[in-house]
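[1] here's my sequence, what's the structure:
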Amino acid sequence: MGMNRRKFFKTSAVGISAPSILLSSQGKINMNNPIVLSTWEHGIPANDDAWKILNNGGSAVDAVEAGAKVPEADPEASSVGFGGLPDEQGKVTLDACIMDHTGNCGSVAFIQNIKHPISVARKVMEDTKHVMLAGEGAKQFAVSKGFEEMDLLTDGSRKKWKAWKKKQFKQTPHDTHDTISLLAQDSKGDLSGACTTSGWAYKLHGRVGDSPIIGAGLFVDNEIGCAAATGLGEEIIKTTGSFLVVELMRQGYEPIKACEEALKRIIKNHNGNPDFQVAYIALRKDGEIGSACIKSIFEYALARDGINKLYKIKGMI
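    Numbering: from 1, shown residues only. Now for the predicted structure:
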C-alpha cells in the first residue's frame with residue numbers, strides 16, 4: 001500500500017501516548033475557546049478575519065487561510081503578497097504553505113503573479129496528491145483553478161527596488177523577513193497553521209525560504225500542538241525549526257521553552273552571536289502559547305476570548 005504523500009509529514013511517538021501525556025501533565029485539552037496566534041503587527045488584521053470564522057464555529061484551517069489572505073492583499077505589507085518587495089530582478093516571488101489537523105498539507109514556492117498563494121497552497125493540499133508545486137508549474141496550476149494573474153509589484157515597491165539597485169547593494173538587511181504565520185485552534189480543539197511571504201527583499205532570483213517548507217516554516221501535530229517561524233529562512237531550514245518546536249513540546253517542554261531551545265541551536269551554530277533575526281510562535285493542544293526570538297524585539301498577535309492584542313517580547317541575546 002502506498003503512503004499518501006500529504007500524510008507523510010504527520011508524526012507519532014513510538015511507545016508514547018501523546019494525548020495521555022497532555023491530559024495527565026498539562027490539564028484538559030482546550031475546547032470551545034478558539035485561539036489565533038500570528039506573527040508581527042500585520043497579525044492583528046489577519047487575526048480579525050480568522051477570528052470571525054472561529055467565532056461562528058468555523059474550522060481552524062478556514063480561519064488561517066482567511067487570516068493569511070489579509071496581508072497578502074495589503075499593498076502596504078511589503079513582506080507579503082501584493083506590494084511585497086521584489087527579488088534582485090524586480091520580480092515579486094511568493095512562498096506559502098498550509099497544514100490542517102489531519103496532517104494534510106500543501107505549499108507553493110517561487111510562484112509569481114498570483115495574489116493569494118495561501119489559497120493556491122490549499123488547492124494543492126486538497127485537489128492533488130502532491131505537497132508542493134513551484135515556479136511556473138505552480139502558477140499554471142493556480143490559473144487552472146480560476147486564480148487570476150496580476151502584477152504584484154506596486155509603485156512603492158518598484159521605487160524601493162530601483163533605489164536599492166542604484167546603490168548596487170550586494171546584501172540586504174536580514175530583518176526584512178516579516179513573514180505572516182498563523183496558528184489557530186477551533187471550537188472542536190483542532191489545530192491548523194498557515195505561512196505566507198514574499199521572502200527576503202532583493203534576494204537572488206529563484207531563492208526559496210522556509211515559509212513553504214513543512215517542518216521548517218510551519219508544522220502541525222493535532223495531538224501535541226503547532227509552531228511557525230519568521231526570520232532568516234535559511235537558518236530555520238537548517239534546523240527544521242517548527243518541527244523541532246513541536247517535538248520539544250511532545251517531550252514535555254512548555255511552549256515558550258520549546259521556542260527558546262530551538263533558537264539556542266541556531267545561536268550555538270553562530271558562536272553565540274548571530275547577526276540576524278529568527279522568531280517562533282507555538283500553540284499547544286491545551287491552549288498554552290509561547291514565543292521567543294533571537295535578538296531585538298519581536299511582536300506577536302494573540303486573539304482569544306474576543307480580545308485581539310499585540311505583544312512584544314525581547315530577544316534572547
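
[2] quick one: low-confidence parts of the stretch 51-200 of the chain?
    Where the stretch 51-200 of the chain drops to pLDDT under 70, the residues are 168-177.

[3] try it again at 50.
    Applying pLDDT under 50 to the stretch 51-200 of the chain flags the ranges 173-176.

[4] could you pull out the helices for it?
    Assigned by DSSP state H, counting those that start in this stretch, the stretch 51-200 of the chain shows helices spanning 60-72, 117-127, 135-144, 155-167.

[5] among these, which is nearest residue 84?
    In terms of CB to CB, the element of those nearest to residue 84 is helix 155-167, at 6.8 Å. C-beta here means a position set from N, CA and C on the backbone, and glycine is covered the same way.

[6] stretch 136-152: which residues count as buried?
    Residues 138-139, 141-142, 147, 152 are the ones in stretch 136-152 that count as buried (16 or more other CB atoms under 10 Å).

[7] now do stretch 50-63
    Going by neighbour count (16+ other CB under 10 Å), the buried part of stretch 50-63 is 50-51, 53-54, 58-63.

[8] closest one of those to residue 284?
    Of all the buried residues of stretch 50-63, residue 60 has the smallest distance to residue 284: 14.1 Å, by CB to CB.

[9] ok, back up a step: what is the most widely separated pair among the buried residues of stretch 136-152?
    Greatest spatial distance among the buried residues of stretch 136-152 (CB to CB): 141 and 152, at 17.3 Å.

[10] mind listing the strands for the protein?
    Taking DSSP state E, the strands of the chain run over residues 35-39, 93-99, 105-112, 132-134, 180-185, 191-197, 218-221, 225-231, 278-284, 289-293, 297-304, 307-314.

[11] the ones you listed: which one's closest to residue 247?
    Nearest to residue 247, of all the strands of the chain, is strand 218-221, at 8.4 Å by CB to CB.

[12] so what touches the closest one?
    9-11, 18, 97-101, 103, 105, 181, 183, 191-195, 211, 226-229, 242-243, 245-246, 250 (CB atoms under 8 Å, 6 or more residues apart in numbering).

[13] any idea of the mean pLDDT for that strand?
    Taken as a whole, strand 218-221 carries a mean pLDDT of 98.

[14] any idea how far that strand is from the chain center?
    From the chain centre to the centre of strand 218-221 is a distance of 10 Å (CA atoms, centre = their mean, to the nearest Å).

[15] may I have it as CSV, with CA atoms only?
    This file holds the C-alpha atoms of strand 218-221, laid out as CSV (Å, rounded to 0.1, in the frame of the first residue of the first chain):
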residue,chain,number,x,y,z
LEU,A,218,5.3,25.5,9.8
PHE,A,219,4.3,22.3,11.5
VAL,A,220,1.1,21.0,13.0
ASP,A,221,0.6,17.9,15.1
